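Asks: next comes the sequence, and after it the predicted model I'd like to discuss.
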Amino acid sequence: MNRTMTPDKLRELDAWIETNLFGGVANRCNFEEGRKIVGCTYYKSDGSEVPHYSSRADAAMDVLKECHEYTSIIFGFHESPTGNSYYAGGIINPDAVNIFESAETLELAICLFAKRFFSK
């Protein structure tokens, strides 16, 4: 399944990863136009922005390294008639349970995999 996410949903995923994988704090900050919320981002307790794990290769590598501490990871690229997608997956030892996630970018696929893996 190829997943596309809005920018706000990507930032929510980044915040989840910061909190659940790296033990950090992710404080939400909304961008408003008048009374309407038009976007958001997340900040750590030190005031720095939560990394864009789901959209930046360098940040996604940190997620991949954290996952690798717990399981073997495989990833790749799949072409299909409905569009191309990247995937990330792992064999969860010792149960030999397979988890795979696919998305429009490898960074997003890695983050979706991590969320599913660490939500167990």
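Replies: Done, it's in.

Asks: tell me who's in contact with residue 119.
Replies: residue 20 (CB atoms under 8 Å, 6 or more residues apart in numbering). Where you see a C-beta, it was placed from the backbone N, CA and C, and this is true even at glycine.

Asks: pLDDT below threshold where in the protein?
Replies: Scanning the chain for pLDDT under 70 picks out the ranges 1-4, 72-84, 88-97, 120.

Asks: what about the helices in it?
Replies: 7-20, 57-68, 106-118 (DSSP state H).

Asks: residue 59 is in contact with residue 53, isn't it?
Replies: Yes. Here residue 59 lies in contact with residue 53, judged by CB atoms under 8 Å, at a distance of 4.5 Å.

Asks: between those two, which one's more packed in?
Replies: Shown here are residue 59 and residue 53; by other CB atoms under 10 Å, residue 53 has more neighbours (29 against 20).
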